[in-house]
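In: just need the structure, nothing else, for what follows:
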Amino acid sequence: MMPLCKAPFIGMYWRGNRTSDKSYMGKWRSCCESMTDKYTYDAPVGSTFEEIYNNPIATEIRDSLSKGLWHPNCLTCKEREDKFGTSARHQYNEMPYDEFAILDYRPSNLCNLKCRMC
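Out: Numbering: from 1, shown residues only. Okay, here's the model as predicted:
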């Protein structure tokens, strides 16, 4: 049986934030639509891919979706589907992957004026 959403099975999302000491700290999320900090995972420095992918929060989310249940982390998609009839969940479910294939890595939205476009 296909899970309610394939996103946390086929990918991970990481969003970094610049800290006061000018380093980058980030949080791993189940997908880019995950907007609540309650279901993020702070990966300790030196964590392996397996440790991050199989963290307790991600496992809880995948277990819920495997049972066909909406996880509280996934309510953004549910609300969009209720209002508009579609969400990112539909796009993820149409992807041709059945195992991990997507790493959505966004270090920061802070402009450092060093790219060629500027």
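In: which residues in the protein form helices?
Out: 7-10, 49-53, 56-66, 75-84, 88-94 (DSSP state H).
In: check which helices and strands the last one sits against.
Out: Looking back up the chat, that one is helix 88-94. For helix 88-94, the packing partners by 3 or more CB pairs under 8 Å, 6 or more residues apart in numbering; DSSP states H and E come out as helix 7-10, helix 75-84. C-beta here means a position set from N, CA and C on the backbone, and glycine is covered the same way.
In: low-confidence bits of this structure, can you list those?
Out: Scanning the chain with the threshold set as pLDDT under 70 gives 1, 17-25, 108-118.
In: what sits closest to the spatially most central residue of it if chain neighbours are left out?
Out: Central residue of the chain (CA atoms, centre = their mean): C31, 2.1 Å from the mean position. Among residues not flanking C31 along the chain, A7 sits closest, at 3.8 Å (CB to CB, 6 or more residues apart in numbering).
In: what's the burial count for that neighbour?
Out: Using other CB atoms under 10 Å, A7 has 29 neighbouring residues.
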